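Provided below for reference: sequence and predicted model.
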Amino acid sequence: MTRIKTIILTLALFMAACTDRINYGDLNLHVLHEVDGTPLVVDAMRYVNEAGNPYLVNEVQWFISNLELEDYNGDCVMLAETWYIDTNIPETQTLRVNDVPLGSYRTLRFTFGLNDADNRSGAFSNPPESNMFWPDELGGGYHYMKLNGKYQNPDDLLAPLAIHLGRGQNASLTEFYDNSFTIELPIELDVYKVYKGQENSLGIVMNINKWFRNPNIYDFNIDGSAIMQNQDAQTKLKENGQDVFSIKHIIN
């Protein structure tokens, strides 16, 4: 009798494990850096923003946090607490998420950068994430993004471009501001396709030029090209950031 109970228990556990396995799938997320529909080419003076500033991009390094999917019932699945992306490190531009519950999802949501609760100095002990530190005298924590490059100034000279977004501060460094923001992207995703012999892949597109377009036309000569202590510039770019990202369905 004991042997029969053991067999039944083993079968029950096996069936439960199989059920768990078929109720979950895998999802590949890819970050795509583009400029108005074409892949970003670094170190090439080929871009012009809405204000008419010619510019080039050397690198883009940034954080996504609290990345989640929301289904049609309003339930959310956390995909990653923090994701560091770097155009210099190709492997950081893809995130594979295992054990995503099957079903259809309507929204991909994430925080651009790190909100105040997560943005703590010393949270990352190893590079490349630790290299994103934000000076303690400016509020501490980490950069949300470093978009580095050069632009052509009014004297037709190449000048440094350092669009560094992070925690803001007032002029006397007595008050600090959370400049992170939430992005919600509509999607239609059925993870069950994984079990039809297909890979589920989804692209998160950052359109570089949209940082400088809407609702604020951003001029490097007027608004600033190095902005770590420029809260007015940070605010404009935070507002523009709502229009920067989109979803691209990727067919493998």
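Ah, there it is.

Just the residues contacting stretch 154-162, thanks.
By CB atoms under 8 Å, 6 or more residues apart in numbering, the surrounding residues in contact with stretch 154-162 are 45, 55-57, 146-153, 220-221, 225-228. All C-beta atoms are positioned from the backbone trio N, CA, C, and that covers glycine.

Go through stretch 228-241 and flag the buried ones.
Within stretch 228-241, the residues that count as buried by 16 or more other CB atoms under 10 Å are 228-231, 233-234, 236-238, 240-241.

ok, now stretch 88-99?
Quick answer for stretch 88-99 (16+ other CB under 10 Å): 92-93, 95, 97.

Between the two ends of it, how far is it?
By CA to CA, to the nearest Å, the extent of stretch 88-99 from end to end equals 29 Å.

Please apply the same query to stretch 122-134.
10 Å.

Can you get me a residue count around F124?
When neighbours are defined as other CB atoms under 10 Å, F124 has 17 of them.

how near is it to F133?
To F133, F124 is 8 Å away according to CB to CB, to the nearest Å.

Between those two, which contacts overlap?
Y142.

pLDDT value on the nearest residue to P135 once chain neighbours are set aside, please?
Using CB to CB, 6 or more residues apart in numbering and skipping the chain neighbours, the partner closest in space to P135 is M228 (7.9 Å). If you check M228, the pLDDT there is 96.

Now do the phi/psi pair for M228.
Main-chain dihedrals, M228, degrees, to the nearest 10: phi -60, psi -30.

so it touches G166, yeah?
Yes. If you go by CB atoms under 8 Å, M228 and G166 touch, sitting 6.9 Å apart.

and for these two, which residues touch both?
The contact sets of M228 and G166 overlap at 134, 138 (CB under 8 Å, 6+ apart).

Let me see the contact set for the residue nearest to P135.
Counting by CB under 8 Å, 6+ apart, the residues that M228 touches are 134-135, 138, 162, 164, 166.

right, and D99 touches Y24 too?
Yes. At 4.4 Å, D99 counts as touching Y24 under the criterion of CB under 8 Å.

re earlier: out of the contacts of stretch 154-162, which are inside helices?
Residues of these located in helices (DSSP state H): 220-221.

Okay, and which of the contacts of stretch 154-162 map to strands?
Judged by DSSP state E, those include 55-57, 146-152 as members of strands.

Export those as TSV, with columns for pLDDT.
Formatted as TSV, the ones in strands among the contacts of stretch 154-162 follow (pLDDT from 0 to 100):
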residue	pLDDT
Y55	98
L56	98
V57	98
K146	98
L147	98
N148	98
G149	98
K150	98
Y151	98
Q152	98
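
hmm, which two among these are most spread apart?
K146 and Q152 (20.5 Å; CB to CB).

how much space between G139 and D116?
10 Å.

Which residues are in contact with the closest residue to N170 other than its chain neighbours?
Nearest residue to N170 in three dimensions, chain neighbours excluded: Q231, at 7.2 Å (CB to CB, 6+ apart). Q231 makes contact with 168-170, 177 under the criterion CB under 8 Å, 6+ apart.
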